[in-house]
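J.: with the sequence up front, the predicted model follows.
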Amino acid sequence: MMIRFTLNGTAVALETPGSKRVLDLLRDECGLTGTKEGCGKGECGACTILLDGRVANACLLLACQADGHEIVTIEGLEHAGQLAPIQQAFVDEGAVQCGFCIPGMVLAAHALLAGQPQPTDDEIKRGLAGNLCRCTGYRKIIAAVRRTAQAGNA
Amino acid sequence: MNTCRIETPRTCAEASALLQALPDARVLAGGTDVVVRLKDQLIWPPLVEISRLAELHGMTEVDGWLRLGALSTWTEIERAALTARHADVLVEAAREVGSPQIRNRGTLGGNVANASPAGDSLPALIVLDAELELRGTQSTRRVAVAQFCCAPGKTVLAHDELIVAIWVPVRAGWRGAFVRLGQRAALAISKVSVAVRVLRADGIVQDSRITLGAVAPTVLRVPEAEAVLRGQRLSAAVMQAAAEVVCAAARPITDIRSNEPYRRAMCGELLQRALARLAEPTNPSDPSDPSDPSDKIT
């Protein structure tokens, strides 16, 4: 079926099976490999995207469900080579080890700060509860979110 | 990757007709249960994707009832002023579900239709005396949530019927609480859950509802424990007595998530925690604080 949606600010139209996962659509047909597949069942958050401004698991979303909606992936956060403040904060805090969880983690943090510009540590943990990191732990990730909030330019 | 037939009806009548014509079709709403289950299947059934059905969206208050469209997401339930005012216990359950990602996509109607013994909406909806509006090709009917599930994954829903809305009676003076235990706070299916709602006058319990989740094939209401509370203040002794009754009433099993004795003991513990919260004086700034932050990026 023909799927029309907005991808990182650009209107796209793709002929694709409606049952294809948006995760596969993004990676295989749009060439956007920042969105990762971890568990494939909505538990790890590696495939997190923004759907109409809210975090969603791209592994549980079918192409037919993206039709008419707006998707932002990790590739859509930087503008003209300039990292978004939350991305820069992850770099500055060294909040990355292997990096596999980071696209999803960054998008979840970005969405959290858009709604709660000054979150408490508990609110940060709750906002990132759908994203698992298996190597570095969460302290530096939380610090990166806190740093962005303190700078006030989320 | 699997390809299957996908239908995207625009009206309830169209959706019901499609379901009737496709005996093996499945309804797809948020996909947080259905897609997880399909993942491991070699052949996918036809899917009737219902997000375009306008009647299944939105929340309104009508003639003493709160009408929650079946496609209301957990996030919407968590944040709406109407649910804060009339369905406190459901808001508490919504906060406990999955993760932000799951709460943004998962729907109330989907959680009910899934009929999991551990589904977090069911204990809350039953203490609210909620009803379901079911619509098929021939007719519309109302069924109490308490009568909807017959066994794990089995309901009274006919194949051509959709859950259109969840209706919650608006009742003054009742206060509720929902408490659950999982392996961790996020993204864990409940080992045990307890929902309770209490109506008090001058501190004396006039009426109450107590339900247990994940300790029987379907949600268990415990009238014997409600009887213990009636006419009493929520003292430590009364809460303890009610807790003993729910422990005896529970019919838990041992499985991958927990074991029978632990689940049984936790029914009482969680009921005491829920009642202890209700025994605290009402916070006057409660219950419909509109300062709910939204994570929506505009």
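T.: Perfect, I can see it now.
J.: which residues sit in contact with B:Gln232?
T.: Listed by C-beta atoms under 8 Å, 6 or more residues apart in numbering or on different chains, the contact set of B:Gln232 reads B:Ile204, B:Val205, B:Val238. In short, each C-beta sits where N, CA and C put it, glycine included.
J.: and for B:Pro169, the neighbour number?
T.: Number of residues near B:Pro169 (other C-beta atoms under 10 Å in any protein chain shown) recorded here: 13.
J.: mind pulling up the pLDDT for it?
T.: On pLDDT, B:Pro169 comes in at 98.
J.: quick one: contacts for it?
T.: B:Gly64, B:Trp65, B:Leu66, B:Leu128, B:Asp129, B:Ala130.
J.: just to revisit the earlier point, just the buried residues from the contacts of B:Gln232, in PyMOL please.
T.: Of the contacts of B:Gln232, the buried ones go into a single PyMOL selection, burial set by 16 or more other C-beta atoms under 10 Å in any protein chain shown:
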select buried, chain B and resi 205+238
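J.: now do the phi/psi pair for B:Thr137.
T.: B:Thr137 adopts backbone torsions of phi -70, psi -30, taken as degrees, to the nearest 10.
J.: so, low pLDDT: which residues of chain B?
T.: Applying pLDDT under 70 to chain B flags the ranges B:1, B:282-298.
J.: measure the most centrally placed residue in chain A to chain B for me?
T.: With distances taken as C-alpha atoms, centre = their mean, chain A has A:Leu107 as the residue nearest its mean C-alpha position (3.2 Å). Distance of A:Leu107 to chain B, given as C-beta to the nearest C-beta, to the nearest Å: 10 Å.
J.: that residue in helix, strand or coil?
T.: helix (DSSP: H, G, I helix; E, B strand; the rest coil).
J.: quick check: closest non-adjacent residue to it.
T.: Residue nearest to A:Leu107 in three dimensions, not counting chain neighbours: A:Thr48, with 4.9 Å by C-beta to C-beta, 6 or more residues apart in numbering or on different chains.
J.: could you save the contacts of B:Gln232 as a markdown table and add columns showing secondary structure?
T.: A markdown table is the format used below for the contacts of B:Gln232 (three-state DSSP):
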| residue | secondary structure |
| --- | --- |
| B:Ile204 | strand |
| B:Val205 | strand |
| B:Val238 | helix |
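J.: okay, domains of the chain per the record?
T.: Assuming you mean chain A. Chain A breaks down by automatic domain parsing into domains covering A:2-76, A:85-151.
J.: switch to chain B, that's the one I care about
T.: B:6-49, B:54-169, B:174-279.
J.: find the one among those with the highest mean neighbour count.
T.: Highest mean neighbour count of these: domain B:54-169, a mean of 21 (counted as mean count of other C-beta atoms under 10 Å in any protein chain shown).
J.: need the distance between the two termini of that domain.
T.: Using C-alpha to C-alpha, to the nearest Å, the end-to-end distance of domain B:54-169 comes out at 22 Å.
J.: grab the nearest non-local neighbour of residue 6.
T.: Since no chain was named, I'll use chain A. The shortest distance from A:Thr6 to any non-neighbouring residue, by C-beta to C-beta, 6+ apart, is to A:Glu70 (4.3 Å).
J.: not quite, go with chain B.
T.: Closest to B:Ile6 by C-beta to C-beta, 6+ apart is A:Gly18, at 3.5 Å.
J.: identify the residues contacting the one you found.
T.: So A:Gly18 contacts A:Met1, A:Ile3, A:Leu62, A:Ala63, A:Cys64, B:Ile6, B:Thr8, B:Leu47, B:Glu49 (C-beta under 8 Å, 6+ apart).
J.: B:Thr254 and B:Pro9, how far apart?
T.: 43 Å (C-beta to C-beta, to the nearest Å).
J.: and which of the contacts of B:Pro169 is nearest chain A?
T.: Closest approach to chain A among the contacts of B:Pro169 (C-beta to the nearest C-beta): B:Leu66, at 23.4 Å.
J.: any low-confidence regions in chain A?
T.: If you take pLDDT under 70 as the line, chain A has these spans: A:153-154.
J.: look through it and state the residue closest to chain B.
T.: For chain A, C-beta to the nearest C-beta, closest residue to chain B: A:Gly130, 2.7 Å.
J.: isn't that residue up against B:Asn104?
T.: No. With contact defined as C-beta atoms under 8 Å, A:Gly130 does not reach B:Asn104; the gap is 9.3 Å.
J.: now the spatially most central residue of chain B. Its backbone dihedrals?
T.: Residue closest to the average C-alpha location in chain B (C-alpha atoms, centre = their mean): B:Ser121, at 1.2 Å. Dihedral angles of B:Ser121 (phi, psi; degrees, to the nearest 10) stand at phi -70, psi -30.
J.: what sits closest to B:Ala115 if chain neighbours are left out?
T.: B:Cys149 is the one closest to B:Ala115 (C-beta to C-beta, 6+ apart), at 4.5 Å.
J.: oh, that last question was meant for B:Met266, not what I typed.
T.: B:Val192 (4.5 Å).
J.: neighbouring strands of the helix or strand B:Arg180 falls within in the sheet, and parallel or not?
T.: Per DSSP states H and E, B:Arg180 falls inside strand B:174-181. Note on strand B:174-181: by DSSP bridges, its sheet partners are strand B:192-201 (antiparallel).
J.: separation between the closest residue to B:Ala158 other than its chain neighbours and B:Ser72?
T.: Setting aside the residues directly before and after it, B:Ala158 is nearest to B:Gly136 in space (C-beta to C-beta, 6+ apart), at 5.6 Å. Distance, B:Gly136 to B:Ser72, by C-beta to C-beta: 21 Å.
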